[in-house]
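# what follows is a predicted structure for the sequence shown.
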2 protein chains.
Amino acid sequence: MTDERALRADARRNRARVLEVAAEVFATEGLSVPVHEIARRAGVGTGTVSRHFPTKEDLLIAIMSTRLVKLTAQADELARREDPGTAFFALFVALVRAGAADCGLAELAVADRRLDDIGERAGADLCGRLQELLAAAQKSGDVRADVSYPDIRALMSACMARREDSLEPILAVVTDGLRRGPT
Amino acid sequence: MTDERALRADARRNRARVLEVAAEVFATEGLSVPVHEIARRAGVGTGTVSRHFPTKEDLLIAIMSTRLVKLTAQADELARREDPGTAFFALFVALVRAGAADCGLAELAVADRRLDDIGERAGADLCGRLQELLAAAQKSGDVRADVSYPDIRALMSACMARREDSLEPILAVVTDGLRRGPT
DNA sequence: AAACATACGGGATGGCCGTCCCGTTTGTCG
DNA sequence: CGACAAACGGGACGGCCATCCCGTATGTTT
């Protein structure tokens, strides 16, 4: 699409290596890691990073957007095959697990502004799906009617703050709480 | 205690004004507001701020510690007068309301490291009380046994992320969820 | 009212970081 | 193998911010 042909062999290798290292570093240490540090660990100069990804945001988008697109597809799949309640909770849990396994993703999930803008609206798409599933699950009575989408976002972020191996209790609390009727 | 006698009248006034302005700014815009900006709004120079509070952290401590001490006292009061479940949930809700009304406090609550260090351990004291009440409430069966203190912290932060006038639904979800037995 | 200490303002300093640039190196193609 | 374009590295730059410093102004005391 974007003239991949024009990339020299070493450039292609470096680009891939930067992506790989950045993905791991963002996942384990969060988004505040300096670009300089990513370059160092990838064994390239900062110039190389910023030529491939002019902006730190660009790098982030390159890493996250495919993942977000996959999750969106998963959301659509769920919406088609499952009843509203099952679909909503399945997506909720999938998102939480994704965030719990990746600090960077969890950070994105906290700041709605950024998530919405990531990857040519891939983030916004995903948020939209979650919102739709929430509405459907509330209509069918599977989720209490008085919670709003921002409530869901907040609860999701809270769960993502725990690590992968400690998710079950908090997930149980939240999903049980969401199922109960108001008052 | 700390030689208040030695403070000149204008100094005392400026100090109070800075505290007042900083408290409001932190509450409405969060902790990332530059010290420079607080000085500007207080109508003083940055030097004046940093003489009274050598560090931004010092300023934060001055604002938060009395509040934390009050909340700790409230926790003790609850522990003495109420049964474990009631006491735990009352403290939880009180903390959430405090955070929802104050962005700065909510930010502190997210980063346990900082809260623990605030105000000569005033933060740590409060965290300790919450932990004790949690343990008691779990022992008495009022809170499900499989949640951990970090789970509570995460859920608390999530609730604090909502504003004061939108608290009820998310609080209901979380408190209901916490009451249910495991599976 | 004079003299002294205290406090003031805001510019200077230094650290951190993202981004840009350019002299040098290296892959590529004839 | 030679020449040229493409890519590299890392230093330079600029913005942001907390903290420090010092010449000036102002309360305070006798």
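Looks like it arrived, so ask away. Residues are numbered from 1 along each chain as shown, chains lettered A, B, ... in the order given.
# how far away is the residue of chain A found nearest DNA strand D from chain B?
Nearest residue of chain A to DNA strand D: A:Gly47, at 1.7 Å (C-beta to the nearest atom of the strand). For every residue, glycine as well, the C-beta is placed using N, CA and C. Taking C-beta to the nearest C-beta, to the nearest Å as the criterion, A:Gly47 is separated from chain B by 30 Å.
# how deep is that residue tucked in, by neighbour count?
Counted by other C-beta atoms under 10 Å in any protein chain shown, the residues lying close to A:Gly47 total 9.
# cool, the one 4 residues further on as well?
If you count neighbours by other C-beta under 10 Å, A:Arg51 ends up with 13.
# what strand or helix carries it?
Element membership for A:Arg51, per DSSP states H and E: helix A:46-52.
# pLDDT value on the residue of chain A closest to DNA strand D, please?
A:Gly47 carries a pLDDT value of 98.
# just A:Pro182 next, same as before
62.
# that older thread, measure the residue of chain A closest to DNA strand D to A:Ile61 for me?
To A:Ile61, A:Gly47 is 20 Å away according to C-beta to C-beta, to the nearest Å.
# A:Ala101 too?
Taken as C-beta to C-beta, the span from A:Ala101 to A:Ile61 is 19 Å.
# could you look up the SS state of A:Val33?
coil (DSSP: H, G, I helix; E, B strand; the rest coil).
# so what's it closest to, chain neighbours aside?
Spatial nearest neighbour of A:Val33, excluding adjacent residues (C-beta to C-beta, 6 or more residues apart in numbering or on different chains): A:Val25 at 5.2 Å.
# check which helix or strand that neighbour maps to.
Using DSSP H and E, the element containing A:Val25 is helix A:9-29.
# list the buried residues of that helix.
A:Asn14, A:Arg15, A:Val18, A:Leu19, A:Val21, A:Ala22, A:Ala23, A:Val25, A:Phe26 (16 or more other C-beta atoms under 10 Å in any protein chain shown).
# thinking again about what came up before, what sits against the residue nearest to A:Val33?
A:Val33, A:Glu37, A:Ile38, A:Arg41 (C-beta atoms under 8 Å, 6 or more residues apart in numbering or on different chains).
# count of neighbours near A:Arg40?
A:Arg40 has 14 nearby residues by other C-beta under 10 Å.
# A:Ala94 too?
Neighbours of A:Ala94 (other C-beta under 10 Å): 14.
# now it: how far from DNA strand C?
29 Å (C-beta to the nearest atom of the strand, to the nearest Å).
# from A:Met156, how far out is that residue?
Relative to A:Met156, and taking C-beta to C-beta, A:Ala94 is found at 11 Å.
# got the phi and psi for the residue positioned nearest the centre of chain A?
The centre of chain A sits closest to A:Leu105, judged by C-alpha atoms, centre = their mean, with a distance of 4.6 Å. Note on A:Leu105: backbone dihedrals following degrees, to the nearest 10 are phi -60, psi -40.
# again, but for A:Gly45
Torsion angles, degrees, to the nearest 10, at A:Gly45: phi -80, psi 160.
# state the distance from it to chain B.
Distance, A:Gly45 to chain B, by C-beta to the nearest C-beta: 31 Å.
# and for A:Ala23?
Between A:Ala23 and chain B the computed distance is 24 Å (C-beta to the nearest C-beta).
# what's the next secondary structure element after the lowest-mean-pLDDT helix or strand in chain A?
Scoring the helices and strands of chain A by mean pLDDT, DSSP states H and E places helix A:112-139 at the bottom, with a mean of 85. Per DSSP H and E, helix A:112-139 leads on to helix A:149-160 as the next helix or strand towards the C-terminus.
# quick one: is the next helix or strand after that following helix near chain B?
The helix or strand immediately downstream of helix A:149-160 is helix A:167-179, counting by DSSP H and E. Yes. Residues of helix A:167-179 contacting chain B under C-beta under 8 Å from any C-beta of the partner chain: A:Glu168, A:Pro169, A:Ile170, A:Ala172, A:Val173, A:Val174, A:Thr175, A:Asp176, A:Gly177, A:Leu178.
# any idea which element the closest residue to A:Leu126 other than its chain neighbours lies in?
Closest residue to A:Leu126 apart from its sequence neighbours, by C-beta to C-beta, 6+ apart: A:Thr72 at 4.7 Å. Secondary structure from DSSP H and E places A:Thr72 in helix A:56-81.
# is that helix in proximity to DNA strand C?
Yes. For helix A:56-81, a contact with DNA strand C is found by C-beta under 7 Å from any atom of the strand, at A:Lys56, A:Glu57.
# which elements pack onto that helix?
Under the contact definition 3 or more C-beta pairs under 8 Å, 6 or more residues apart in numbering or on different chains; DSSP states H and E, helix A:56-81 sits against helix A:9-29, helix A:35-42, helix A:84-100, helix A:103-110, helix A:112-139.
# quick check: angle from it to helix A:103-110?
Counting by axes from the mean of the first three to the mean of the last three C-alpha atoms, to 10 degrees, helix A:56-81 lies at 70 degrees to helix A:103-110.
# how far does helix A:56-81 sit from its chain's centre?
7 Å (C-alpha atoms, centre = their mean, to the nearest Å).
# show the average pLDDT along it.
96.
# give me the buried positions along that helix.
By 16+ other C-beta under 10 Å, the buried positions in helix A:56-81 come out as A:56, A:59-65, A:67-69, A:71-72, A:74-75, A:78-79.
# quick check, A:Lys139 in contact with A:Phe88.
No. Using C-beta atoms under 8 Å, A:Lys139 is not in contact with A:Phe88, being 10.7 Å away.
# what sits against A:Pro34?
A:Pro34 makes contact with no residue under the criterion C-beta under 8 Å, 6+ apart.
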